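Asker: Coordinates for the following, if possible.
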Amino acid sequence: MIRRRSLFALLAFGILIGATFWLPAALMSPLLPSAVACKTLSGTVWRGRCSDLQIRGSRSGDLSWQVGFALEKPTAPRLRMRWTKDHSVATATLYLAWFEASSLDLHSLSVDLQTLRNALPADVSLGPLAGLAGRLEASNLQIELDRGRLSGLKGEAMLSRAVWLQTGSAIGPFEGRFEGRNGTLRDRGGPLALYATVVLDVPGSFKAKVRAETRVSGVLPGFLSGTPVEAEVEGRF
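Answerer: Next comes the predicted model:
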C-alpha cells in the first residue's frame, strides 16, 4: 500500500511539473523582474520565444528557449537559447546547478560590437571592447558562472574587422584563447601588434599584462611606430 501511494504521489508530482512547463509562455510576463520586459511572449514555458526583449529600457532583440534535462545531471535543468538582433546571432545552453557554479556552453557566436552595445543596458560596460568596432565570433566556448559573474573560460574567440573608434583606424584582427581562469590575447597581423596575458582574479574581475606596438604610425594616439608600450590593467565586467 505504501509503495502504491508513493507511485501515485510521484505520478502526481510529474503531472504537476509537466503541466507547469506546458503552460503558455505569456503567463510568465508578471513573473519577470521589473527591469525585464517582452513585447510578445509566445509558445510555452517549456519552449517559447520572447520578441523585442527589453532590459532596463534597452532594445535587446529576440530570445527563444527550450527547457531540458541532461542525463548526466538529471537534477540540473538546462536551458537552450538562441538570441538574434539585426545581423547578430548567438546559440547557447545554460546549465543551472543548485549547489555549484552554473555554466554556459556558447555553441556559436557572431555578433557585431555596435549591435551588442545597443542590446545592453546603458550602465553595462564592455570593458576593453567599449572603444572598438568589429565582429566578435566564437564557437564551443565554455563559460563558468559564479552567482551570475564570469569565473572561468575555456575555448577561443576572434575579433575581426577591428577598428579603434577614437581614430577610425583598423587595428585587428585579434584572437583570444582561454583555459579556466587564464587566457591570452594576441593580434593576427595588422597595424597593431598586441600580446596580453589575462587572469580572472575573482568572479567578475580580471588582471592583465599588455604589450602593444604599432606597426603603422598614427594608428593609436600617442603611439610611435615600432615603440613597444607595456601596461598592467585591472577591471570588472
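Asker: Assign the nearest residue to residue 105 once chain neighbours are set aside to helix, strand or coil.
Answerer: Using Cβ to Cβ, 6 or more residues apart in numbering and skipping residues adjacent in sequence, the residue nearest residue 105 is residue 93, 4.7 Å away. Heads up, the C-betas are built off the backbone N, CA and C, glycines and all. Under the three-state scheme (DSSP: H, G, I helix; E, B strand; the rest coil), residue 93 adopts strand.
Asker: thought residue 93 was touching residue 79?
Answerer: Yes. The pair residue 93 / residue 79 is scored as a contact, 6.9 Å apart, by Cβ atoms under 8 Å.
Asker: what bits of the chain have low per-residue confidence?
Answerer: Within the chain, the segments meeting pLDDT under 70 span 1-22, 70-76, 97-101, 221-226, 237.
Asker: Surely residue 192 touches residue 171?
Answerer: Yes. Using Cβ under 8 Å, residue 192 makes contact with residue 171 at a distance of 4.1 Å.
Asker: got any residues that touch both of those two?
Answerer: 219, 220 (Cβ atoms under 8 Å, 6 or more residues apart in numbering).
Asker: residue contacts, residue 78?
Answerer: Here residue 78 is in contact with 67, 68, 69, 70, 93, 94, 95, 96 (Cβ under 8 Å, 6+ apart).
Asker: Buried ones among those residues?
Answerer: Neighbour-count burial (16 or more other Cβ atoms under 10 Å) is assigned, among the contacts of residue 78, to 93, 94, 95.
Asker: how does this protein divide into domains?
Answerer: Domain segmentation of the chain under automatic domain parsing yields 23-124, 131-139+147-237.
Asker: quick one: the first one to chain centroid distance?
Answerer: Think domain 23-124. Averaging C-alpha positions (Cα atoms, centre = their mean, to the nearest Å) puts domain 23-124 10 Å from its chain's average.
Asker: how long is that domain from one end to the other?
Answerer: 33 Å (Cα to Cα, to the nearest Å).
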